[in-house]
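Peer 1: Just a sequence and a predicted model for now, questions to come.
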Amino acid sequence: MADDKLGGAGLRGQSAGETALCTVGRTGAGLTYRGYGIDDLAEAATFEEVAYLLLCGELPDATQLAAYRQKLKGLRGLPAPLREILERIPATAHPMDVMRTGCSTLGNLEPEGDFANQHAAADRLIGVLPSIINYWYRYSHDGVRVDVDTDEDSVAGHFLATLKGEPPNDLFRRVLDVSLILYAEHEFNASTFTARVCASTLSDIHSCVTGAIGSLRGPLHGGANEAAMELIDRFDSPAAAVESVRGMLARKEVVMGFGHAIYRESDPRNAIIKGWAERLAGLPGLPGLPGLPGKAGDESVYAISCAIEKLMWDEKRLFANADFFHASAYRSMGIPTKLFTPIFVCARISGWTAHVMEQRANNRIIRPSADYIGSEPRDFPALAER
Ligand code: COA
């Protein structure tokens, strides 16, 4: 019985602690960050406001926000030893492994030390993670040592500017900003829970985040946006996609970017990113950026995505989650597929570190029990008798 309820059901429906940071699918509340609805935040806030809200408890006023943006801007630099390590990681590495190594290395070079430094350490990670991934990406793929001190005053702008080597347009900047808001926080998901378990041992913040990055890497969690893109890229047309995905369903294969552990009817983040993906898909000349396997007209990534979404709902009542239309939106902005999940890290770092602080503020080591399903007690045989 216990096996069914716990191990077999992935702890679904069990409360594993308290949080004031987020509600996910709670009746009447939906997805909220510290009480603010995701629709309002995605419509009117910026990622920096959301990060401040999560980490400090309240929205910043205009002066606080300007100061926070300026602060994050000053925290983007890469220490020389970290640059050297990034330059040694080959282009074939998994970008999430680069993020994990980057975070862990920073923990050596700039250790958190006393928990009194936790806010400074969290802000540093928010500032520097986009620099880490794009410095490695540009160096390993293009041989360019990108300048991570951009003039951009947002995390989204900084990410795009370091990736492309030039300032992004306002639309791309805003879409990525919204994407970071959508990915910033999501209660006790697998990576956040990893961070909290680590925090509950009173470990340092870099260890908590390094572990969380490892959890987010998996295709059942953050890796789903990349996996969705890889799926969509297999098809030349919506009709081909429908035929193939129908076959996947018949074979009981998992279709990445669909379903959710908590939401039952829809993922509130999907409509928001889908709206932006549609707008991007309608831009002249997009998708189909140089060097990317983009498609045009009816064969666009967005059209194929819509066809798969409809089929999944019609056949299985499975809805697109936050990851699915991110694939289309990111592709339209010319973001390489392998950087999709690292962007998730650049956003969720705000939620992870806020959860680490919350755990520390009211801590007891997280140590559940297991239901034993092994052998009855038995006599130990000597080596020669086995
Ligand atoms: N494709 C095909 N079938 C799916 C599916 C998907 N993406 N998601 C769920 N299902 C099926 C399950 O296999 C299960 O079938 P069964 O009853 O025959 O065993 C049924 O739908 C119910 O699954 P559910 O309990 O809702 O899912 P879960 O809580 O075990 O898993 C996910 C949740 C997110 C891990 C799962 O939906 C999944 O693997 N999705 C794809 C990965 C993904 O997009 N992850 C990002 C999440 S934001």
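Peer 2: Thanks, I have it.
Peer 1: show me what contacts T194?
Peer 2: Counting by CB atoms under 8 Å, 6 or more residues apart in numbering, T194 touches 208, 211-212, 214-215. From N, CA and C alone the C-beta is placed, and that goes for glycine too.
Peer 1: Take those residues and, keeping just the buried ones, write it as a PyMOL select command.
Peer 2: To isolate the buried subset of the contacts of T194 in PyMOL, counting by 16 or more other CB atoms under 10 Å, use the following:
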select buried, resi 208+211+212+215
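Peer 1: and of the contacts of T194, the nearest to the ligand?
Peer 2: Distance to the ligand, by CB to the nearest ligand atom, is smallest for S215 among the contacts of T194, at 12.3 Å.
Peer 1: Return the per-residue confidence for that closest one.
Peer 2: S215 carries a pLDDT score of 97 in this model.
Peer 1: same deal with G8?
Peer 2: Model confidence at G8, given as pLDDT, is 57.
Peer 1: you'd agree C22 is up against E187?
Peer 2: Yes. Assessed by CB atoms under 8 Å, C22 is found in contact with E187 at 4.4 Å.
Peer 1: can you map out the strands along the stretch 101-250 of the chain?
Peer 2: For the stretch 101-250 of the chain, no strands are identified by DSSP state E, counting those that start in this stretch.
Peer 1: for the protein, which helix is longest?
Peer 2: Selection of the longest helix in the chain by residue count, based on DSSP state H, yields helix 118-142.
Peer 1: how about that one: buried residues?
Peer 2: For helix 118-142, by 16+ other CB under 10 Å, it's 118, 121-140.
Peer 1: Show me which residues of this structure are close to the ligand?
Peer 2: 220-221, 224, 254-261, 318, 321-323 (CB under 6 Å from any ligand atom).
Peer 1: Pick the one among those closest to the ligand.
Peer 2: Checking the residues of the chain next to the ligand against the ligand by CB to the nearest ligand atom gives G259 as the nearest, at 2.5 Å.
Peer 1: The closest one: how many residues sit nearby?
Peer 2: Per other CB atoms under 10 Å, the neighbour tally for G259 reads 19.
Peer 1: which ones are touching the nearest residue to it once chain neighbours are set aside?
Peer 2: What sits nearest to G259 in space, not counting adjacent residues and going by CB to CB, 6 or more residues apart in numbering, is L318, at 5.1 Å. By CB under 8 Å, 6+ apart, the residues touching L318 are 255, 258-259, 312.
Peer 1: what do you get if the cut-off is 10 Å, keeping everything else the same?
Peer 2: Neighbouring residues of L318 by CB atoms under 10 Å, 6 or more residues apart in numbering: 249, 255, 257-260, 309, 311-312.
Peer 1: By neighbours, which of these wins?
Peer 2: G257 (28 neighbours).
Peer 1: list the contacts for it?
Peer 2: G257 neighbours (CB under 10 Å, 6+ apart): 224-229, 231-232, 267, 270, 305, 308-309, 312, 318, 320-327.
Peer 1: what kind of secondary structure is R12 in?
Peer 2: Look at R12: counting by DSSP: H, G, I helix; E, B strand; the rest coil, its state is coil.
Peer 1: correct me, but it touches A261?
Peer 2: Yes. With contact defined as CB atoms under 10 Å, R12 counts as touching A261 (6.5 Å).
Peer 1: Of those two, which one has the most company?
Peer 2: The residue with more neighbours, out of R12 and A261, is A261; 15 against 10, by other CB under 10 Å.
Peer 1: number of nearby residues for P238?
Peer 2: So P238, with other CB under 10 Å, has 20 neighbours.
Peer 1: any idea how far the closest residue to it other than its chain neighbours is from the ligand?
Peer 2: Take P238 and drop its neighbours on the chain: the residue closest to it by CB to CB, 6+ apart is A307, 3.4 Å away. Distance, A307 to the ligand, using CB to the nearest ligand atom, to the nearest Å: 16 Å.
Peer 1: So which one of the contacts of L318 is the model least confident about?
Peer 2: Scanning the contacts of L318 for pLDDT, the low point is H260. It has 91.
Peer 1: hang on, that residue packs against R12?
Peer 2: No. Using CB under 10 Å, H260 makes no contact with R12, being 11.2 Å away.
Peer 1: got a list of what the residue most central in space within the chain touches?
Peer 2: Among the residues of the chain, F344 comes closest to the average C-alpha position under CA atoms, centre = their mean, at 2.4 Å. Shown in contact with F344 (CB under 10 Å, 6+ apart): 96, 99, 179-180, 182-184, 191, 213, 216-217, 221-226, 322-323, 326.
Peer 1: ok, now R348?
Peer 2: Residues in contact with R348 (CB under 10 Å, 6+ apart) are 129, 180, 183-186, 189, 191-192, 195, 209, 212-213, 216, 222, 355.
Peer 1: quick one: what helix or strand has it in it?
Peer 2: Following DSSP states H and E, one finds R348 within helix 340-361.
Peer 1: Please apply the same query to S305.
Peer 2: Counting by DSSP H and E, S305 is found in helix 301-316.
Peer 1: Which element is encountered next along the chain beyond that helix?
Peer 2: helix 324-332.
Peer 1: could you say what helices and strands that following helix packs with?
Peer 2: Applying 3 or more CB pairs under 10 Å, 6 or more residues apart in numbering; DSSP states H and E, one finds that helix 324-332 makes contact with helix 170-183, helix 224-232, helix 268-281, helix 301-316, helix 340-361.
Peer 1: quick one: which of those is nearest V146?
Peer 2: Comparing the helices and strands packed on helix 324-332 by their distance to V146 (CB to CB), the top pick is helix 340-361, with 14.6 Å.
Peer 1: hey, C-alpha coordinates of the closest one in PDB?
Peer 2: Listed in PDB are the C-alpha atoms of helix 340-361, where the atom choice follows Å, rounded to 0.1, in the frame of the first residue of the first chain:
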ATOM      1  CA  PHE A 340      17.000  26.200 -24.000                       C
ATOM      2  CA  THR A 341      17.500  24.500 -20.700                       C
ATOM      3  CA  PRO A 342      20.300  26.800 -19.600                       C
ATOM      4  CA  ILE A 343      17.900  29.700 -20.000                       C
ATOM      5  CA  PHE A 344      15.500  27.900 -17.700                       C
ATOM      6  CA  VAL A 345      18.400  27.900 -15.200                       C
ATOM      7  CA  CYS A 346      19.000  31.700 -15.600                       C
ATOM      8  CA  ALA A 347      15.300  32.100 -14.600                       C
ATOM      9  CA  ARG A 348      14.800  29.500 -11.900                       C
ATOM     10  CA  ILE A 349      17.900  30.600 -10.100                       C
ATOM     11  CA  SER A 350      15.700  33.200  -8.500                       C
ATOM     12  CA  GLY A 351      13.200  30.700  -7.200                       C
ATOM     13  CA  TRP A 352      15.900  28.200  -6.100                       C
ATOM     14  CA  THR A 353      17.800  30.700  -4.100                       C
ATOM     15  CA  ALA A 354      14.600  32.100  -2.600                       C
ATOM     16  CA  HIS A 355      13.700  28.600  -1.500                       C
ATOM     17  CA  VAL A 356      17.100  28.000   0.000                       C
ATOM     18  CA  MET A 357      16.600  31.200   2.100                       C
ATOM     19  CA  GLU A 358      13.100  30.100   3.100                       C
ATOM     20  CA  GLN A 359      14.400  26.600   4.100                       C
ATOM     21  CA  ARG A 360      17.200  28.100   6.200                       C
ATOM     22  CA  ALA A 361      14.900  30.500   7.900                       C
END
